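Participant: let me see the structure of the following:
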Amino acid sequence: MTDSALTPFTWGHANQGGQHDWPFLMALDQGFFADEGIALTVKVIPGGDALAKAMGRGEIHIGRMGTPPFLQAVGNGSFPDGRIVASSVIGNLDHFLLVVRPEIADLTQLRGRTVGVLSRGSCDGHLMRMLLARAGLDPDRDVQYHELWSQYETLDGMASGELAAQLMVEPLVAQGEAAGVLRVVEPGSVAEPHFQWGLLVARAQFVQEQPDLLRRLLRAYLRGVQHCVENPAALRALLLRGEHAQDGAVLDRAFPRTLPLWNRSGEIDLPGLKRAIEVMLEIGSLKAPLDAQALVDLRGLPGRSG
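Facilitator: The predicted structure follows:
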């Protein structure tokens, strides 16, 4: 199929550079989206809250973001018709690692320090508060927050000492370990072991009106997921030659902490989604309960139907 015969489509991402990008990079490299008749473009709108607002305005029809900003956007009306169409590969908090500067021996030493977040309304903004509270700190008074936006996928703040802690995903964690600028404290799953985190979301209107296109998009994405897991050497080679090429030793450290844990099916952990809603209510990020089941529409997954 020639490029001119492909349907152009834009998929929104809340950030760039982590393991959640790898299935898209692989699917694009292998032509999986083209096989489905789609000329895919990835547009980064930094911050899950910002992406959710753009989707609520109809600027983006399908996006990748975390549960906290999605739930908050549905709850506050900025993305009222948002629907969860699949889980991303980083379906739970095993992948979200709390890291601190090497000199921080105990989390209470974060008192009076600055922590980095993508934005106050993004996943890490909400979950950092949860982890700080678990450590006995007041997340609203004991630390300062620095919103990183487009600088989120860098080590600059941790390397300079401006930031004392962050929540990060691979391969940035392995890169920071190799550089000696951080140490891993724990995954977010220590605080919440049952929590649906990574999401692929879409506008309800898009799900209703373009079910075939949605199926083709998710089919190409899941082929990318499977190809990464089954061919780690090919994934390694792809990431070594990419626009933001990674160091091979960093990838060798990151892969064992990522690929075996990936959600390969796209299925949603509904009890984990319900727990995410409960947590958001507990920390004040949601003002009223949401119906988890009503937010999920998985008709686009392989083997599913309306």
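Participant: by mean pLDDT, which helix or strand of this protein comes out lowest?
Facilitator: Ranked by mean pLDDT, DSSP states H and E, the weakest helix or strand in the chain is helix 123-134, scoring a mean of 90.
Participant: tell me the pLDDT at the residue lying closest to Asn15 once chain neighbours are set aside?
Facilitator: Spatially, and ignoring its direct neighbours in sequence, Asn15 is nearest to Tyr152 (5.4 Å; C-beta to C-beta, 6 or more residues apart in numbering). Yep, even glycine has a C-beta here, placed from its N, CA and C like the rest. pLDDT for Tyr152: 87.
Participant: what's around Tyr152, how many residues?
Facilitator: Counted with other C-beta atoms under 10 Å, the neighbours of Tyr152 add up to 24.
Participant: now do Val44
Facilitator: 15.
Participant: quick revisit: report the contact partners of the residue nearest to Asn15.
Facilitator: Contacts for Tyr152 (C-beta atoms under 8 Å, 6 or more residues apart in numbering) come out as 15, 46, 116, 118.
Participant: mind giving me TSV with those and columns for neighbour count and secondary structure?
Facilitator: Compiled in TSV, the contacts of Tyr152 are given as follows (neighbours: other C-beta atoms under 10 Å; DSSP: H, G, I helix; E, B strand; the rest coil):
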residue	neighbour count	secondary structure
Asn15	27	coil
Pro46	21	coil
Gly116	24	strand
Leu118	28	coil
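Participant: looking at these, which is nearest Leu240?
Facilitator: Asn15 (21.3 Å; C-beta to C-beta).
Participant: could you check how far the closest one is from Arg101?
Facilitator: Distance from Asn15 to Arg101, counting by C-beta to C-beta, to the nearest Å: 22 Å.
Participant: need phi/psi at the residue nearest to Asn15.
Facilitator: phi -60, psi -40 (degrees, to the nearest 10).
Participant: can you tell me how far it is from Leu118?
Facilitator: 4 Å.
Participant: between those two, what contacts are shared?
Facilitator: Shared contacts of Tyr152 and Leu118, counting by C-beta under 8 Å, 6+ apart, come down to 15, 46.
Participant: list of residues touching the lengthiest helix in the chain?
Facilitator: For the chain, the longest helix by residue count, based on DSSP state H, is helix 211-230. Residues from elsewhere that reach helix 211-230, judged by C-beta under 8 Å, 6+ apart: 7, 9, 11, 22-28, 30, 32-33, 35-38, 40, 62, 85-86, 89, 200, 202, 206-207, 234-235, 259, 262, 264-266, 299-302, 306.
Participant: could you give the mean pLDDT of stretch 286-304?
Facilitator: Here the average pLDDT along stretch 286-304 is 95.
Participant: could I have that stretch exported to PDB, CA atoms only?
Facilitator: Provided in PDB are the C-alpha atoms of stretch 286-304 (Å, rounded to 0.1, in the frame of the first residue of the first chain):
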ATOM      1  CA  LEU A 286     -11.500  13.400  42.800                       C
ATOM      2  CA  LYS A 287     -14.400  15.200  44.300                       C
ATOM      3  CA  ALA A 288     -17.000  12.500  43.700                       C
ATOM      4  CA  PRO A 289     -16.900   8.700  42.900                       C
ATOM      5  CA  LEU A 290     -16.900   7.500  39.300                       C
ATOM      6  CA  ASP A 291     -18.300   4.300  37.800                       C
ATOM      7  CA  ALA A 292     -15.300   2.300  36.700                       C
ATOM      8  CA  GLN A 293     -17.300  -0.100  34.500                       C
ATOM      9  CA  ALA A 294     -18.900   2.800  32.600                       C
ATOM     10  CA  LEU A 295     -15.500   4.200  31.700                       C
ATOM     11  CA  VAL A 296     -14.300   1.100  30.000                       C
ATOM     12  CA  ASP A 297     -15.100   0.100  26.400                       C
ATOM     13  CA  LEU A 298     -12.800  -2.600  25.100                       C
ATOM     14  CA  ARG A 299     -14.600  -3.400  21.900                       C
ATOM     15  CA  GLY A 300     -11.500  -2.500  19.900                       C
ATOM     16  CA  LEU A 301      -9.300  -5.200  21.400                       C
ATOM     17  CA  PRO A 302      -8.800  -8.400  19.300                       C
ATOM     18  CA  GLY A 303     -11.500 -10.900  19.900                       C
ATOM     19  CA  ARG A 304     -13.900  -8.300  21.300                       C
END
